[in-house]
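Participant: Got a sequence here, can you model it:
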Amino acid sequence: MNHVVSFSGGRTSAYLVYLIEQMRKSGEWTDPVEYIFMDTGAEHPKTYEFIKKCVEHFGISLTCLHGYFERPVGKGNSYNVIPLDDCNFNMKGGPMARMMLKYGLPTVMGAWCTSRMKEETHDKYCDDKYGKGNYVTWLGIRADEQSRLKIGKRKDLRYMAEITDFEKDDVLDFWQGMPFDLEIQEHLGNCVFCIKKSINKIALAARDEPALAMEWMKAIENATDRLNQPKEKDYGGLFPEKYIQHVQKGVMYRNHNSMDSIITKFELHSRDEIYDTIRSMKRKESGGCTESCEAFASEQIDWLV
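Facilitator: Residues are numbered from 1 along each chain as shown. Here you go, the predicted model:
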């Protein structure tokens, strides 16, 4: 059987890569394995640095994929294999920016960004290379993430929890002992302005990363401008009218908020005041866990190491 490891850029999936490489070197793992990264173009710059350091330190080959969204609506999407050096935060022409131009904005109630940019891209690439049913995909889901584990329910998915009992603190301890780590504060996460984040975290991310926020907001503006054009009225047949009305106003976050409205809500608050509202954050430094959208994982759980 061919094995595909989905490397999201988070600490847990990176540890899974390390673990499988150790098993391969010891002879415990003998099946073919391929490591793949489905880039969104919306990950934090430190995520891309971390991925590149993992590739170099572990001595692996990493297949990097971009979803191809240039076909007309209804014609299906494809993918491109790209060099690792071409993976970076790019809201001017990256996969997220191009996807939003085609489909409008993902929202907290319709998070198809993960399904289109990661799951769909993964499936098309692996089906082309291996053929349907000829591979299994490994995900960095830990033993302490029981709500995300679906062992036995899908024969094509495997989990890190099947080969190690490592939990969150174990993964954090592992990376503290390494010569490099994912240097991102918890509220930033891998996907900096993820629609699943609370508005407090979005506000803090915008305050801490103003340059990235400006690129993100420009991509939103481009997508909403296109959706508001008369020639794009055919979107009404593809999406519910309520969604169209929300996206035309840039609404994509919780409680019917847009990026602009979130920034406005918190503009009179200091950075520390915003930070203090995020009670779920337990560690201020970069050792904390980060948010990442894992392909094929439950949409209900935000937190990943």
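
Participant: Does Lys155 fall in a helix, a strand, or a coil region?
Facilitator: State at Lys155, reduced to three classes by DSSP: H, G, I helix; E, B strand; the rest coil: coil.

Participant: which non-adjacent residue is nearest it?
Facilitator: With C-beta to C-beta, 6 or more residues apart in numbering as the measure, Val136 is the residue that lies nearest to Lys155, at 7.4 Å, once sequence neighbours are left out. Yep, even glycine has a C-beta here, placed from its N, CA and C like the rest.

Participant: Tell me which residues touch that neighbour, please.
Facilitator: Contacts of Val136 were listed using C-beta atoms under 8 Å, 6 or more residues apart in numbering, and they are 1-4, 155-158.

Participant: and with 7 Å instead?
Facilitator: Contact analysis of Val136 by C-beta atoms under 7 Å, 6 or more residues apart in numbering lists 1, 3, 156-158.

Participant: Confirm it sits in a helix?
Facilitator: No. Membership of Val136 in a helix is not supported by three-state DSSP, which gives strand.

Participant: May I have the beta-bridge partners of it?
Facilitator: Partner residues in beta bridges with Val136: His3, with DSSP bridges as the criterion.

Participant: Give the residue spans of this structure that score low on pLDDT.
Facilitator: 151-152, 227-248, 279-294, 297-305 (pLDDT under 70).

Participant: Check which helices and strands the longest helix along it is in contact with.
Facilitator: Longest helix of the chain, by residue count under DSSP state H: helix 210-227. With contacts defined as 3 or more C-beta pairs under 7 Å, 6 or more residues apart in numbering; DSSP states H and E, the packing partners of helix 210-227 are helix 95-103, helix 241-248, helix 259-265.

Participant: Okay, angle between the strand or helix carrying Gly67 and helix 95-103 too, please.
Facilitator: Of the helices and strands defined by DSSP states H and E, Gly67 is found in strand 62-68. Orientation of strand 62-68 against helix 95-103 (axes from the mean of the first three to the mean of the last three C-alpha atoms, to 10 degrees) gives an angle of 20 degrees.

Participant: Could you list the paired strands of the helix or strand just after strand 62-68 along with their orientation?
Facilitator: Scanning forward in sequence from strand 62-68 by DSSP H and E, the next helix or strand is strand 78-82. Based on DSSP bridges, the pairing partners of strand 78-82 within the sheet are strand 62-68 (antiparallel).

Participant: May I see the buried residues of the partner strand?
Facilitator: 62-67 (16 or more other C-beta atoms under 10 Å).

Participant: what's the farthest-apart pair in those residues?
Facilitator: Largest separation among the buried residues of strand 62-68 by C-beta to C-beta: Leu62 and Gly67, giving 16.9 Å.

Participant: Ser61 and Ile202, how far apart?
Facilitator: Taking C-beta to C-beta, to the nearest Å as the measure, Ser61 falls 36 Å from Ile202.

Participant: Would you list the phi and psi of Glu34?
Facilitator: Backbone dihedrals for Glu34, given as degrees, to the nearest 10, come out at phi -130, psi 130.

Participant: re earlier: can you give me the angle the longest helix of the chain makes with helix 95-103?
Facilitator: With the same axes, to 10 degrees as the criterion, the two stretches helix 210-227 and helix 95-103 enclose an angle of 20 degrees.

Participant: okay if I get the buried residues of strand 62-68 as a markdown table plus distance to Cys113?
Facilitator: Supplementary listing: those in a markdown table, determined by distance: C-beta to C-beta, whole Å:
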| residue | distance to Cys113 |
| --- | --- |
| Leu62 | 21 |
| Thr63 | 20 |
| Cys64 | 18 |
| Leu65 | 15 |
| His66 | 13 |
| Gly67 | 10 |
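
Participant: Please enumerate the strands of the stretch 51-200 of the chain.
Facilitator: Along the stretch 51-200 of the chain, counting by DSSP state E, counting those that start in this stretch, strands occupy 62-68, 78-82, 135-139, 157-159.

Participant: Thank you kindly, that will do.
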